[in-house]
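# model this:
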Amino acid sequence: MNDKQMQDPVAHVLECSIAFYAALDSILGDKQEIGSHRDLLTQGTIGTTYEHGVSIVVLVEANQLASASVLLRAQFEALVRALWLHFVTDDAWIESYFAKVRANPRKDPGNSRSMDEMLNDLAAKAPRGIASKLQPLKDGAWGPLNSFVHSGIHPIVHQHTGGSVEFALATLRNANGLTGMAAMLVAELSGDPQQMVSILNAQYAHLDCLPPLNPTPPPSPNSAA
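As a prediction, the model looks like this:
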């Protein structure tokens with residue numbers, strides 16, 4: 001680790017995060033092919049995952065860690081839902097979803113499964129390793145993240161004590177890890193094996209801003225810096 005990294009680790013991980021997103025953008029480009037209703041839902045949900053990830057980088061840079069935590073919870077849910085749509089849902093579910101949208105465009109269809117159910121489905125039906133990368137973050141951080149979403153004790157403590165360096169770093173790295181998984185799903189949808197290799201290489205080139213192996217829960221916002 002160089003002197004800059006030792007003196008300001010958050011600035012270093014922010015810089016690495018920006019470079020990581022630039023690398024992903026150069027690989028994936030702006031346009032994705034939409035060949036089915038399933039693709040339409042999955043690509044839109046992946047886009048939401050990606051947008052939340054970018055926004056978390058911006059919020060951490062602005063030292064708005066409570067808002068970043070709200071988006072981390074939303075980003076996690078968006079990624080799980082995108083993976084579930086791609087790997088688990090059948091054509092009948094997809095068409096039922098769109099039938100409800102057409103019947104009442106102002107109302108969400110509301111026929112998605114719960115977070116735990118989707119993770120269980122992914123463990124059973126998605127390629128090995130996907131659920132195991134997501135479950136530790138769900139197990140360790142879901143309560144605190146929900147507290148931020150619903151204005152519970154965690155954001156109250158945060159407003160009085162501020163966030164630690166560890167809290168900022170974990171938030172960034174977990175968000176970037178979720179984005180990396182979303183990018184891999186985009187590459188899989190493209191059907192281009194080389195794109196998948198390029199996404200993996202981009203992750204290996206930016207390990208400083210990613211979780212070590214599995215996402216780790218952010219520490220309590222009032223933990224020591």
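# do you know how far the residue most central in space within the chain is from L59?
The centroid of the chain falls nearest to L178 when counting by C-alpha atoms, centre = their mean (3.2 Å). Remark: distance between L178 and L59 (C-beta to C-beta, to the nearest Å) = 15 Å. The C-beta positions use only the backbone N, C-alpha and C, and glycine is treated the same way.
# what's the strand or helix carrying R102 packed up against?
For R102, the host element (DSSP states H and E) is helix 91-103. Here helix 91-103 touches helix 37-61, going by 3 or more C-beta pairs under 8 Å, 6 or more residues apart in numbering; DSSP states H and E.
# what is the orientation angle of the helix it packs on with helix 91-103?
Orientation check (axes from the mean of the first three to the mean of the last three C-alpha atoms, to 10 degrees): helix 37-61 against helix 91-103 gives 70 degrees.
# who are the neighbours of the helix or strand just after helix 37-61, in terms of helices and strands?
Proceeding N to C from helix 37-61, the next assigned helix or strand is helix 65-87, under DSSP H and E. Applying 3+ C-beta pairs under 8 Å, 6+ apart, one finds that helix 65-87 contacts helix 37-61, helix 115-125, helix 130-149, helix 153-161, helix 165-190.
# For the residue lying farthest from the centre of the chain, give its distance to S96.
Distance to the chain centre peaks in the chain at A103, reaching 30.8 Å (criterion: C-alpha atoms, centre = their mean). Distance, A103 to S96, using C-beta to C-beta: 11 Å.
# still on that earlier bit, report pLDDT for the residue farthest from the centre of the chain.
Looking at A103, its pLDDT stands at 91.
# What of P109?
Per-residue pLDDT puts P109 at 84.
# Output the below-cut-off pLDDT ranges for this protein.
1-7, 31, 213-225 (pLDDT under 70).
# at 90 what do you get?
Along the chain, the model assigns pLDDT under 90 to residues 1-7, 29-40, 98, 105-113, 128-129, 140-149, 151-152, 154-164, 190-191, 212-225.
# Can you list the buried residues in the helix or strand hosting V13?
V13 belongs to helix 9-28 when elements are defined using DSSP H and E. For helix 9-28, burial by neighbour count (16 or more other C-beta atoms under 10 Å) applies to 9-10, 12-18, 20-21, 23-24, 27-28.
# So which elements touch it?
Counting contacts by 3+ C-beta pairs under 8 Å, 6+ apart, helix 9-28 packs against helix 3-7, helix 37-61, helix 165-190, helix 193-204.
# most neighbours per residue, which of those helices?
Ranked by mean neighbour count under mean count of other C-beta atoms under 10 Å, the helices and strands packed on helix 9-28 are led by helix 165-190, which reaches a mean of 23.
# Can you work out which other helices and strands pack against it?
helix 9-28, helix 37-61, helix 65-87, helix 130-149, helix 193-204.
# L119 touches S132, doesn't it?
No - with contacts counted by C-beta atoms under 8 Å, L119 stays clear of S132, the gap being 10.0 Å.
# Look at these two and report which has more neighbours.
Each of L119 and S132 has its neighbours counted (other C-beta atoms under 10 Å); L119 has more, 21 against 12.
# in the helix holding R102, what counts as buried?
Buried residues in helix 91-103 (16+ other C-beta under 10 Å): 94, 97.
# what comes into contact with that helix?
If you take C-beta atoms under 8 Å, 6 or more residues apart in numbering as the criterion, helix 91-103 is touched by 36-38, 41, 85, 107, 109-111.
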